[in-house]
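1. below are the sequence and a predicted model; questions follow.
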Amino acid sequence: MSVLVVDDEKENLDLLRRVLHRQYDVFAADSGEEGLEVLRSNPQVAVVVTDQRMPGLSGVELLCEAVQVVPKAVRIIVSAFTETEDILEAINLGRVDRFVVKPIQSDRLANTVKDALEVYYLSRELEEKNRRLQEHQHELEEKNQRLKTNERELEDIVAKRTAELEAANARLVELALRDGLTGLYNHRYFHERLQAEVSRARRHGHEIGLLFIDIDHFKNYNDTHGHPEGDNVLREIGKLLLEGACHEDVVARVRSSDVVARYGGEEFAIILPQTPKQGAEVTAERIRRCIAAHTFAGGDTQPLGGITVSIGVAAFPACAPDAGELIRAADRAMYDAKHQGRNHVCVAPNVCSFRVEST
């Protein structure tokens, strides 16, 4: 299986090549332009891993071209940027499938490429099953014209093949919606769902609560215990957010209608449909208290004596008129919680009056 890695910095390019060459045929390029030429000469490339910030052709621009040259290849972008606008640009223009955040961690890079190739193989398998199904349906039609017999058996065969195809397609769809580490919804699905919920709330005059959750001093935990243990913490917090947690008389549990997502890195987000700001704040405080009381492996080495989170709360339409502003309001509130000493819940201020649209 062939992988193309592109980075204008020799040190990063060597790292990408070194991590991947043991398992894959690696093509390397030190510019977007050279990377594009490699793709044109090697259409068998299955994965493109590119830096974002490069002179000349940027990573996003290269991936836009890659969509035309190798449309089935999985597109992975490597970048230190974490701003929402930059991430949205990469998704919308470059149709990015995966993100790798700098500084590059070898094991995470290898796992990201491995996961991406699983999606690639599944997509190819789905196409092959489609082709086989079409061929088989044609054969069945000819036999039906000649024999007009064994109709039930033929229908069973078609049903079995169709079920296999639907199962493979359902798995592919699920992989595209989920974060590979935590099993929560991923960044892309979060944005799609938030846009849909805001549109629904605007039509029906409902409110929406939004929580942005960031693990306090998570870099310190990774530096002390290593990234594998850090990944365990991410998985454990994801499970607590999804399945609920209890502390004394406090229960933190989301509803089936709520959307829990891993936003990126050590950040999580929760969409609370039909929830006013006050209700969202209550939910956030319960989550904060329950996580602070939970026992995590190695948590006692943290600056605050345990694993804690800072949470920003915002609501539509009280704090923002649209989905983009709602995200920014919750993000700012989360950083206010950080600045207040961490292990806090902060609420965004009201900027909009509530208006119900007529229908």
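-> Sure thing, it's come through.

2. element containing residue 46, please.
-> strand 45-51 (DSSP states H and E).

3. that strand packs against which elements?
-> When contacts are defined as 3 or more CB pairs under 8 Å, 6 or more residues apart in numbering; DSSP states H and E, strand 45-51 packs onto strand 2-6, helix 10-20, helix 32-41, helix 59-69, strand 74-79, helix 106-147. No exception for glycine: its C-beta is placed from N, CA and C like everyone else's.

4. tell me, how many residues neighbour the nearest residue to residue 295 once chain neighbours are set aside?
-> Leaving aside its chain neighbours, residue 295 sits nearest to residue 306 (7.8 Å; criterion: CB to CB, 6 or more residues apart in numbering). A count of nearby residues for residue 306, using other CB atoms under 10 Å, gives 18.

5. measure residue 306 to residue 31 for me?
-> 47 Å (CB to CB, to the nearest Å).

6. please apply the same query to residue 192.
-> 33 Å.

7. with neighbour numbers in mind, choose between those two.
-> It is residue 31, of residue 192 and residue 31, that has more neighbours when counted by other CB under 10 Å, with 17 against 13.

8. give the contact list for the more buried one.
-> Contacts for residue 31 (CB atoms under 8 Å, 6 or more residues apart in numbering) come out as 6, 8, 54, 55, 56, 57.

9. 6 Å instead, please
-> By CB atoms under 6 Å, 6 or more residues apart in numbering, the contact list for residue 31 reads 8, 56.

10. tell me the pLDDT at it?
-> We have a pLDDT of 93 for residue 31.

11. what do you get for residue 296?
-> What the model reports for residue 296 is a pLDDT of 95.

12. next one: residue 345
-> At residue 345, pLDDT is 98.

13. now do the one 3 residues further on
-> Predicted confidence (pLDDT) at residue 348: the value is 97.

14. ok, residue 161 next?
-> Note on residue 161: pLDDT of 84.

15. one step back: reformat the helices and strands packed on strand 45-51 as JSON lines; add mean neighbour count.
-> Shown next, in JSON lines, are the helices and strands packed on strand 45-51 (neighbours: other CB atoms under 10 Å):
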{"stretch": "strand 2-6", "mean neighbour count": "26"}
{"stretch": "helix 10-20", "mean neighbour count": "16"}
{"stretch": "helix 32-41", "mean neighbour count": "18"}
{"stretch": "helix 59-69", "mean neighbour count": "20"}
{"stretch": "strand 74-79", "mean neighbour count": "23"}
{"stretch": "helix 106-147", "mean neighbour count": "14"}
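
16. okay if I get the ones you listed as a markdown table plus distance to residue 182?
-> Shown next, in a markdown table, are the helices and strands packed on strand 45-51 (distance: least, CB to CB, whole Å):
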| stretch | distance to residue 182 |
| --- | --- |
| strand 2-6 | 25 |
| helix 10-20 | 23 |
| helix 32-41 | 31 |
| helix 59-69 | 25 |
| strand 74-79 | 19 |
| helix 106-147 | 13 |
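
17. which of the ones you listed sits closest to residue 169?
-> helix 106-147 (6.2 Å; CB to CB).

18. I'd like to know which elements that closest one is packed against.
-> Counting contacts by 3 or more CB pairs under 6 Å, 6 or more residues apart in numbering; DSSP states H and E, helix 106-147 packs against helix 10-20, strand 45-51, strand 98-101, helix 151-177.

19. chain center to the last one, what's the gap?
-> Remark: helix 151-177 is offset 26 Å from the chain centroid, using CA atoms, centre = their mean, to the nearest Å.

20. give me the next element, helix or strand, following it.
-> Assignment by DSSP H and E places the next element after helix 151-177 at helix 187-204.

21. other residues contacting the helix or strand following that next one?
-> The C-terminal neighbour of helix 187-204 among helices and strands, as given by DSSP H and E, is strand 208-215. Applying CB under 6 Å, 6+ apart, the contact partners of strand 208-215 are 197, 201, 266-270, 272-273, 275, 280, 284, 309-316, 326, 330-331, 334.

22. go ahead and name everything in contact with stretch 125-134.
-> Contacts of stretch 125-134 (CB under 6 Å, 6+ apart): 161, 165, 168.

23. and the residue nearest to the last one when sequence neighbours are not counted, how far from residue 336?
-> For residue 168, ignoring the flanking residues on the chain, the nearest one in space by CB to CB, 6+ apart is residue 126 at 5.1 Å. Taken as CB to CB, the spacing of residue 126 relative to residue 336 amounts to 46 Å.

24. again, but for residue 255
-> 26 Å.

25. pLDDT below threshold where in this protein?
-> 81-95, 148-150, 174, 245-252, 352-359 (pLDDT under 70).

26. that one - how does it break down into domains?
-> 2-110, 205-347 (automatic domain parsing).

27. in CSV: those, plus distance to residue 151.
-> Output for these, formatted as CSV (distance: least, CB to CB, whole Å):
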stretch, distance to residue 151
domain 2-110, 37
domain 205-347, 43
